[in-house]
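1. Sequence unavailable; structure follows:
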């Protein structure tokens with residue numbers, strides 16, 4: 001029979017072998033296979049019943065009173081007094097004197113649990129029982145009593161980085177193995193004194209930071225950086241101290257107190273820089289060096305990750321078999337810390353192993369679940385930060401909280417991970433370790449320059465309280481897809497910025513000579529150096545390549561494209577237009593009309609480079625009359641086939657000056673009046689302009705201070721052109737008053753004649769809509785701050801990006817804005833589309849985008865009563881609108897993408913009909929001209945006629961002479 005040591009070794013080996021090695025590796029492969037973008041869409045659902053909602057703080061950050069009532073110095077008290085450090089946590093948030101205020105804030109949030117840490121030096125000033133301080137113990141007793149009265153459960157951390165300085169100075173702190181027993185004794189006192197009121201204990205917070213940055217890089221206290229191997233010895237002692245404490249609690253206190261105990265382990269997330277197995281292994285190794293360093297000994301086999309052992313060799317201490325058994329299994333739940341704790345260069349590039357750091361809490365939770373055999377996971381610290389000058393409006397923090405909470409919810413619902421709780425960090429602003437007071441992480445704002453230290457709730461606190469109240473993000477009726485159909489005469493369209501005008505001759509006008517290989521493959525081989533004499537005939541529609549068949553394949557009944565003003569009238573003189581190009585446009589619009597596709601034609605699509613403006617008019621100053629003449633030319637030459645005109649497409653560009661805009665409004669009005677006075681009665685068409693209208697949402701919809709900036713941005717972006725035409729005949733009142741407040745005189749004045757000219761020059765309201773932005777008045781990032789409007793632009797970090805946010809409900813809000821401002825005006829969504837990698841022919845993002853945006857348009861029509869007349873997907877092809885097309889292109893081959901088939905299916909059903917409802921009955925569309933496609937190609941018809949005539953004449957002659965010869969025989 002072997003020795004006990006040999007049996008123990010065998011037992012541990014068998015236990016280790018039973019676990020799946022590197023089971024977390026499947027994480028990256030699994031998430032890569034999840035359906036995109038559906039898996040990235042926001043999940044409306046709730047957390048399980050009994051889910052723990054918590055908020056937390058750390059003693060040194062918030063307590064203050066660093067020398068009050070017998071407290072001893074901690075390593076942070078000493079550390080902040082040395083080197084180049086500018087601030088200290090001597091007062092912090094003064095929680096020592098503000099227990100009532102902290103409890104009141106906790107109650108306002110409606111959390112079920114409050115995580116806080118004990119100041120070891122406040123209880124044992126020199127770190128051991130012999131220095132016991134009754135006043136310090138009394139402070140924590142009072143805090144626990146008040147929490148109990150408030151119905152809030154405590155989550156107590158024994159050690160959150162603030163080691164009694166006496167232990168550091170006399171023993172070398174955590175580098176000395178003696179601290180294992182000293183910490184166990186301190187924990188024993190805490191269990192005995194407070195344990196009856198505590199069901200969740202954290203032994204040590206973030207041992208990675210303590211070991212690596214306290215005793216390696218020197219970034220945090222005690223600031224030691226002399227020995228590169230010291231962090232691994234410190235980590236070894238921290239693990240042993242935790243294990244000893246767990247066994248103490250398990251044997252002596254758990255039977256009576258029924259609590260749970262763990263160590264709070266923090267981690268980043270990492271994603272592969274390349275989709276290779278080596279990159280995945282490097283990601284796994286990165287997590288092993290930070291999280292696995294402490295998690296694997298506790299949750300797997302009592303030993304360090306193989307990757308660490310292989311790379312560090314003898315630098316990494318080793319556990320004896322007895323120590324491995326002592327360490328293994330010493331956690332009752334997985335206490336996970338995530339977010340800003342490991343940011344700010346605390347995970348340097350050397351631990352990323354060439355991979356990319358990320359903030360994906362959901363994937364981290366899944367990795368922990370698989371790597372450590374499905375432990376219950378309590379997120380004991382999560383959140384983000386704002387700059388130190390931010391007050392009660394903290395949108396960045398709020399949306400990161402939303403992102404992390406949403407990730408935890410998906411982890412539970414979609415991935416089956418056993419997440420039992422979430423802790424927002426932190427309750428109040430405080431001293432932020434090596435960042436001092438340069439950032440804020442609290443849900444409650446504190447003005448550190450006032451003696452009262454009043455706790456003021458931030459918007460992030462309001463958000464978190466609402467999430468807790470609803471237990472997540474329950475689905476509301478407006479979040480559900482709508483069922484229903486659009487009216488029978490709804491305009492389904494597709495848009496293109498312009499059409500490819502190719503004046504390449506067809507085969508019937510080709511001057512080259514070919515050999516026809518009749519006996520073999522039938523190929524034509526061009527003979528070099530030979531050409532046929534030129535054909536003396538006028539150009540025909542069949543001479544040019546068109547996109548008519550592509551349009552018909554989509555199934556739309558409208559097609560929107562822009563004319564090229566500078567090419568049609570190169571010299572700016574409408575008396576000398578480009579006849580060839582004009583003929584092409586005439587042919588193209590006629591072809592569309594004969595195929596029952598209504599052409600929607602833009603006269604001028606302004607670009608930032610003004611490339612489509614005729615050279616003599618390379619500024620809008622003085623151009624309105626020229627534009628009106630150009631419009632008359634187009635109406636006259638194309639109006640027989642075009643019944644919907646857009647004068648200006650998206651003129652409301654932020655690069656346009658107020659004076660340019662004033663001239664463009666005049667140009668539009670003159671063009672509209674020209675059609676109304678001279679062409680409408682005969683042609684019966686409609687004219688308007690199309691405005692770019694991405695939605696602008698207040699970052700805090702419950703804050704008037706953000707609602708007003710959102711309205712201001714819409715006034716300046718949309719109302720700027722809409723109000724003079726569809727409203728009062730003048731610029732928006734809010735726009736004028738804001739500029740007047742800034743003492744700006746740049747906005748031109750409308751006289752009465754100008755107002756009469758511009759007001760009412762529309763037949764419908766057309767918008768181009770692609771995305772949504774958030775705005776707040778609180779300045780956070782100078783790169784996305786608009787000084788003129790005093791607004792900060794931002795996005796919700798839970799939105800799908802490509803690269804602009806995909807926010808379907810923004811379209812519905814934009815359409816409602818039009819209705820609220822301009823009543824029952826007919827509305828067309830003239831362009832709506834998303835950017836996606838053109839190499840992805842299975843363009844799942846565009847499929848998702850079109851389905852959901854059209855569904856929101858349906859809600860606007862059916863639920864909000866918007867007079868919506870049509871929807872145009874943008875764009876037809878990548879060839880002219882790169883990354884937006886429903887047709888792709890590889891060399892000369894045209895590829896039909898998945899989005900085209902899905903869009904056609906929506907069109908065929910005229911929306912999203914309720915399966916249980918009677919089918920919609922619409923009048924049959926007039927049949928298209930079946931012979932038009934052939935008749936349009938006159939050279940083909942002529943050629944076939946000529947051949948047919950020759951055959952008939954030849955047959956006639958044969959019959960005639962055969963008959964004649966027969967008669968002569970008699």
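-> Yep, it's here. Because the structure is predicted, anything quoted here is derived from the model rather than measured.
2. now the strands: where do they sit in the stretch 51-200 of the chain?
-> For the stretch 51-200 of the chain, the strands defined by DSSP state E, counting those that start in this stretch cover 52-56, 113-117, 153-159, 200-205.
3. can you put these in JSON lines and add mean neighbour count, distance to residue 681 and mean pLDDT?
-> (Each C-beta comes from the backbone N, C-alpha and C, glycine too.) Rendered in JSON lines, the data for the strands of the stretch 51-200 of the chain read as follows (neighbours: other CB atoms under 10 Å; distance: least, CB to CB, whole Å; pLDDT from 0 to 100):
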{"stretch": "strand 52-56", "mean neighbour count": "25", "distance to residue 681": "68", "mean pLDDT": "98"}
{"stretch": "strand 113-117", "mean neighbour count": "26", "distance to residue 681": "75", "mean pLDDT": "98"}
{"stretch": "strand 153-159", "mean neighbour count": "23", "distance to residue 681": "78", "mean pLDDT": "98"}
{"stretch": "strand 200-205", "mean neighbour count": "25", "distance to residue 681": "80", "mean pLDDT": "98"}
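4. out of these, nearest to residue 497?
-> strand 52-56 (49.7 Å; CB to CB).
5. Would you give the sheet partners of the closest one, along with the direction of each?
-> The pairing partners recorded for strand 52-56 under DSSP bridges are strand 113-117 (parallel), strand 419-425 (parallel).
6. For those, give me TSV that also has distance to residue 895.
-> Output for the strands paired with strand 52-56, formatted as TSV (distance: least, CB to CB, whole Å):
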stretch	distance to residue 895
strand 113-117	55
strand 419-425	43
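7. Skip ahead from the helix or strand bottoming out on mean pLDDT in the chain and say which helix or strand is next.
-> Lowest by mean pLDDT, DSSP states H and E among the helices and strands of the chain is helix 4-18, with a mean of 39. Later in the chain than helix 4-18, the nearest helix or strand by DSSP states H and E is helix 26-33.
8. Tell me the helix or strand right after that next one.
-> strand 45-46.
9. Pull up the pairing partners for that following strand, direction included.
-> Assessed with DSSP bridges, strand 45-46 is paired to strand 472-473 (antiparallel).
10. Which positions within the helix or strand containing residue 754 qualify as buried?
-> For residue 754, the enclosing helix or strand under DSSP H and E is helix 752-758. By neighbour count on 16 or more other CB atoms under 10 Å, the buried set for helix 752-758 is 754, 757-758.
11. Quick check: mean pLDDT of it?
-> Summarised as a single mean, pLDDT over helix 752-758 is 96.
12. just the strands in the stretch 251-400 of the chain please.
-> 260-266, 269-271, 334-339, 356-358, 377-383, 386-387.
13. Show the pLDDT at residue 940.
-> Predicted confidence (pLDDT) for residue 940: 47.
14. again but with residue 615, I slipped
-> Value for residue 615, per-residue pLDDT: 70.
15. In terms of helices and strands, where is the closest residue to it other than its chain neighbours?
-> Leaving aside its chain neighbours, residue 615 sits nearest to residue 566 (6.9 Å; criterion: CB to CB, 6 or more residues apart in numbering). Assessed by DSSP H and E, residue 566 sits inside helix 565-568.
16. Do me a favour and average the pLDDT over that helix.
-> 90.
17. Stretch 461-481 too?
-> pLDDT averaged over stretch 461-481 gives 95.
18. What is the distance between that stretch and the centre of its chain?
-> Offset of stretch 461-481 from its chain centre (CA atoms, centre = their mean, to the nearest Å): 19 Å.
19. Over to stretch 200-220?
-> Chain-centre distance of stretch 200-220: 33 Å, with CA atoms, centre = their mean.
20. what's the first-to-last distance across that stretch?
-> Terminal residues of stretch 200-220 are spaced 27 Å apart (CA to CA, to the nearest Å).
21. What of stretch 904-913?
-> Using CA to CA, one end of stretch 904-913 lies 15 Å from the other.
22. now swap in stretch 114-128 and tell me
-> Terminal-residue distance, stretch 114-128 (CA to CA): 27 Å.
23. residues of it that come out buried?
-> For stretch 114-128, the neighbour count (16+ other CB under 10 Å) marks 114-127 as buried.
24. next one: stretch 426-445
-> Neighbour-count burial for stretch 426-445, with 16+ other CB under 10 Å as criterion, is recorded at 426-435, 437, 439-445.
25. Inside strands: which ones of those?
-> Among these, the members found in strands (DSSP state E) are 439-440, 444-445.
26. Look at the closest residue to residue 282 other than its chain neighbours and report its pLDDT.
-> Spatial nearest neighbour of residue 282, excluding adjacent residues (CB to CB, 6+ apart): residue 353 at 4.1 Å. Here, the pLDDT recorded for residue 353 equals 93.
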